[in-house]
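Undergrad: model this:
(chains A, B, C and D)
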2 protein chains.
Amino acid sequence: MPELPATRERILDAAEHAFMAHRYEGASMRQITGEAGVNLAAVNYHFGNKESLLHAVLKRRLDGLNQERLRVLDELEAAAAGAPLKPSQIVDAFFGTLLRMGAEPGGDTFMRLLGRILTEPAEFISVVLAQEYADVLERFKQALFHALPDVPREEIVWRFHFMLGATSYAIAGTDALRLVTDWQTEAADDGTDRLLPRLMSFLLGGLRAPLPEPPAKPKQRSRRKTP
Amino acid sequence: MPELPATRERILDAAEHAFMAHRYEGASMRQITGEAGVNLAAVNYHFGNKESLLHAVLKRRLDGLNQERLRVLDELEAAAAGAPLKPSQIVDAFFGTLLRMGAEPGGDTFMRLLGRILTEPAEFISVVLAQEYADVLERFKQALFHALPDVPREEIVWRFHFMLGATSYAIAGTDALRLVTDWQTEAADDGTDRLLPRLMSFLLGGLRAPLPEPPAKPKQRSRRKTP
DNA sequence: GCCGGGGTCAAACAACTGTTTTAATCATAC
DNA sequence: GTATGATTAAAACAGTTGTTTGACCCCGGC
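TA: Alright, predicted model coming up:
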């Protein structure tokens, strides 16, 4: 193969960093191309437009991440031989694989980018992520359904949603919420190796929490809320 | 008092909606003033600049919310007479009060705005929220410290962080993650009255989860990770 | 030699950004 | 009535945005 075009990768790296630092709309093409050391028109030449650039940035890492997630899940299910998995195994295969990717060189900036981009209101991002995530999310949902047969599926979907939110904040709001919670004295710079077990125990505790009382039947307890 | 200037409130309402829909940088002054039906220069006349407008939008609701949160906490602590509160009481006073504010007319758009704005990388927003949140967050942290005396304080701070993330996603990502998790069939439009008990049980489960094993001592298990 | 095309470059494009300016309008006080 | 201060109006401000243009370079094939 001929020498790989270095500018494409440099644009992707710079864009990943800029999108992480300033979000999609806040990161300008001139910032990205300036940081990459390439011409302004290079990104339009190689990627078409800004949207496709973000798509390429996400796809570059998400492909590998989701492949790895499915591989781990396949391995677990093969070892279980039909028996339902433990919830902790599934949660670790999904969220643990994500967080461990942050330990790789350069993976931390992408993790923070991912955490921030999930709340973007731009529609095309959601569409991209839906395409990227659809199959793997379905697989993990089914695995959780089998692992927790006595929990209503609707409840599992909700809790999966909550777990996504907690994880996203944990990796994205590293500096945003540091101001809010002002814990500069405690637990500031002890990397992600401590974050992983903390987050995992929180997620599992939430996932296996006792079910909320069925809401629409107020005949058991007649507790009225501030009438 | 003279007739309250209607344009100020209309600007605030329109800005709240626009900031919720397009975030801070994505919402333009012309969108806001156009939606409010006022002149473009009106916002600069009444608020100075765009940053101060966002500050006013947040302050208008956060003041009442935090006052209510502190009031509920005061009431609980007065009723307990020195005894530590139950964690569920504290969590409900903080997050339940927030979610119940979403049930008020117009409160839902602000809740979604709040959930999205917390991950903004712009510094001044974090500064504003730090000023706004500092005292109430400290009060609730202390309450949790007393309620969970055998849990390390560092761990409580982390889990408070996780709870913030899960809540933020639950209220902000109503449409963003609906695409990802494609649950259009299930639990789409049964308002926030069902969300509250679901989220509360998840948060409490995560808050009271068993502590993670102390991480920095790898002499117990010699499991090496993919050498 | 020359030709062709992938890649880079500076420059300009139209559209949009937040903000300011200046004039016009309004209600109220004298 | 006029004067006064607060609000609104249209227009222009300087700057940035993403994208496009057309010339330019370089390198392998003929």
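
Undergrad: Surely residue A:99 is in contact with residue A:111?
TA: Yes - using C-beta atoms under 8 Å, residue A:99 makes contact with residue A:111 at a distance of 7.4 Å. (Each C-beta comes from the backbone N, C-alpha and C, glycine too.)

Undergrad: Now the common contact residues for these two.
TA: Common neighbours of residue A:99 and residue A:111 are listed as residue A:171 (criterion: C-beta atoms under 8 Å, 6 or more residues apart in numbering or on different chains).

Undergrad: Would you mind telling me which of the two has the busier surroundings?
TA: Between residue A:99 and residue A:111, residue A:111 has the larger neighbour count (other C-beta atoms under 10 Å in any protein chain shown), namely 25 against 21.

Undergrad: got a list of what that one touches?
TA: A:98, A:99, A:101, A:102, A:171, A:172.

Undergrad: 10 Å instead, please
TA: Residue A:111 sits next to A:20, A:61, A:65, A:98-99, A:101-104, A:167-168, A:170-172, A:174, A:192 when contact means C-beta atoms under 10 Å, 6 or more residues apart in numbering or on different chains.

Undergrad: What subset of those is buried?
TA: A:20, A:61, A:65, A:98-99, A:101-102, A:167-168, A:170-172, A:174, A:192 (16 or more other C-beta atoms under 10 Å in any protein chain shown).

Undergrad: Switch the residues you listed over to CSV; also include distance to residue A:83.
TA: Below are those laid out as CSV (distance: C-beta to C-beta, whole Å):
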residue, distance to residue A:83
A:20, 40
A:61, 33
A:65, 27
A:98, 25
A:99, 26
A:101, 28
A:102, 31
A:167, 27
A:168, 31
A:170, 31
A:171, 32
A:172, 36
A:174, 38
A:192, 31
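
Undergrad: okay if I get these as CSV plus secondary structure and pLDDT?
TA: Converted to CSV, those look like this (DSSP: H, G, I helix; E, B strand; the rest coil; pLDDT from 0 to 100):
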residue, secondary structure, pLDDT
A:20, helix, 89
A:61, helix, 92
A:65, helix, 93
A:98, helix, 93
A:99, helix, 91
A:101, helix, 89
A:102, coil, 82
A:167, helix, 90
A:168, helix, 85
A:170, helix, 83
A:171, helix, 82
A:172, helix, 75
A:174, coil, 56
A:192, helix, 60
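
Undergrad: Which member of these is positioned nearest residue B:152?
TA: residue A:170 (17.5 Å; C-beta to C-beta).

Undergrad: which SS state does residue A:105 fall under?
TA: At residue A:105 the chain is in coil, as set by DSSP: H, G, I helix; E, B strand; the rest coil.

Undergrad: on that earlier part again, please identify which of the contacts of residue A:111 is nearest to residue B:118.
TA: residue A:172 (9.6 Å).

Undergrad: Report the separation between that closest one and DNA strand D.
TA: 21 Å (C-beta to the nearest atom of the strand, to the nearest Å).

Undergrad: Assign a three-state SS to the residue lying closest to that residue once chain neighbours are set aside, would you?
TA: Leaving aside its sequence neighbours, residue A:172 sits nearest to residue A:115 (C-beta to C-beta, 6 or more residues apart in numbering or on different chains; 2.6 Å). Look at residue A:115: counting by three-state DSSP, its state is helix.

Undergrad: my guess is residue A:115 contacts residue B:165, does it?
TA: Yes - at 8.9 Å, residue A:115 counts as touching residue B:165 under the criterion of C-beta atoms under 10 Å.

Undergrad: burial count for the residue nearest to residue A:172?
TA: Neighbour tally, residue A:115, other C-beta under 10 Å: 24.

Undergrad: Any regions of chain A where pLDDT drops low?
TA: Applying pLDDT under 70 to chain A flags the ranges A:1-5, A:119-123, A:173-193, A:214-227.

Undergrad: Tell me which two of the buried ones among the contacts of residue A:111 sit farthest apart.
TA: A:65 and A:174 (19.1 Å).

Undergrad: Count the residues that sit near residue A:7.
TA: 17.
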